[in-house]
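*Asks:* Prediction below, plus the sequence it came from.
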Amino acid sequence: MSRSALRAACLSLPLLALTLTGCAGEPPKPKESKPAKASCELAYDKLADTVWLRNDPATGKPDAKTRLKFGSEGGVVKAWYTTGSIGNVYSYTCTEKGGMLDCLETDPHFEGFCKAWASVNNGVCDPAVLAPQLGTTVDALKPTADAVNKELAALKPAAKEQQRKVDNSPGNRIRSHFIAAIDRATCGITLQDKFITMFNGKVQEYENENGTSNFIRGDKEYIWESCAESAVSVVDDAGKPVAGPNYPAGTLKFQGYLPEGQKAAASCTYTADVWADWTKASSDLPGTVSGPAVTFATALPFSEKGFHALYFDRYKTCDGKKERIGLTCGAFRIQ
């Protein structure tokens, strides 16, 4: 059939027939394909230097209070995790098991287990019986057992009774433990948060309050060190402490000082890095020297209800040499 005859035949067909290839004025357009979803490249042996924050289900926001960092030492996966603690960071050693990462706190906490055992065994920690339960050796446990037994033997009757109540409790969190799995759908981490204790002479394991949670990537600079010195105060405009721990939302003023008993040196200058809610807020804040005292002062806004923290990481520079003094911190609550 000639081209003109084909065109005439097409014009004589119903409108629906115009969708046929032989009668259309131009070939049909190919369907647009959706871009392929990026694959998740996370792997347990490639988690070093990654940082993760718990996605708080109550707010739908990442919570830096519950933060997790992975590293590697000699081919072994290490982790640093806060378990939701305001001031503590715990170190873990991890092993890949069954397609997941099993992370046990590196500190074996022999003292805690020894006291828990002694609390139901006449105040005596027996390393020969306890060591197999802890997966360790008698020789490794014996120095701690000797020290614990000496300490407990010196307690008065009322203190002994209190020790037994405190150390023999399901809520006595002795050693931390978590299991992490890569979530390929979100390219995130799913973490089951646990703790190990000893109750009635047997090792027990329970979930922490956070249970199983989703973690997403953190993108800021966070603090990864426990704060043992809590000497930061919320102050008024005159620098006088304001009683807490509850404060209204808004800008709060904070002051920190040198460690107790330490005095300013005349030839030194003092600075501090400031961490607000475990995230770097500023660097090299000048300290004010007044005689033997040094004051570090800052003001920052806090609006979200709940617990917060502020850290001063203090330094002194003497004759051009900068030396770290260390952390002091304070916890407070916005109501």
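*Replies:* On my side now, so go ahead.
*Asks:* For the rest of this, base every contact and every neighbour count on C-alpha atoms.
*Replies:* OK.
*Asks:* pull the longest strand from the chain.
*Replies:* Determined from DSSP state E, the single longest strand within the chain is strand 202-217.
*Asks:* Tell me which residues are up against it.
*Replies:* For strand 202-217, contacts defined as Cα atoms under 8 Å, 6 or more residues apart in numbering pick out 50-55, 62, 84, 133-134, 170, 188-198.
*Asks:* Now go through those residues and say which are in helices.
*Replies:* Of the contacts of strand 202-217, the ones assigned to helices by DSSP state H are Gln133, Leu134.
*Asks:* where do the helices sit along the stretch 1-150 of the chain?
*Replies:* 3-11, 110-118, 127-134, 138-153 (DSSP state H, counting those that start in this stretch).
*Asks:* Give me whichever of those helices is most buried.
*Replies:* Among those, the stretch with the highest mean neighbour count (mean count of other Cα atoms under 10 Å) is helix 110-118, at a mean of 25.
*Asks:* Quick one: list the elements packing against that one.
*Replies:* Helix 110-118 sits against helix 138-153, helix 157-167, strand 188-199, with contacts defined as 3 or more Cα pairs under 8 Å, 6 or more residues apart in numbering; DSSP states H and E.
*Asks:* Need these in CSV (columns: mean pLDDT).
*Replies:* Output for those, formatted as CSV (pLDDT from 0 to 100):
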stretch, mean pLDDT
helix 138-153, 98
helix 157-167, 96
strand 188-199, 97
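*Asks:* for this protein, which spans come out with low pLDDT?
*Replies:* 1-38 (pLDDT under 70).
*Asks:* Okay, and the beta partners of the most centrally placed residue in it?
*Replies:* Nearest to the geometric centre of the chain sits Arg67, at 2.5 Å (Cα atoms, centre = their mean). On the basis of DSSP bridges, Arg67 is bridged to Leu53.
*Asks:* correct me, but it touches Ala79?
*Replies:* No. Arg67 lies out of contact with Ala79 (Cα atoms under 8 Å); the separation is 10.5 Å.
*Asks:* Report the beta-bridge partners for Asp63.
*Replies:* Applying DSSP bridges, one finds that Asp63 bridges with Arg54.
*Asks:* and it, what is it in contact with?
*Replies:* Leu53, Arg54, Asn55, Asp56.
*Asks:* ranking those by neighbours, who comes first?
*Replies:* The most neighbours of any of the contacts of Asp63, using other Cα atoms under 10 Å, belong to Arg54, which has 26 neighbours.
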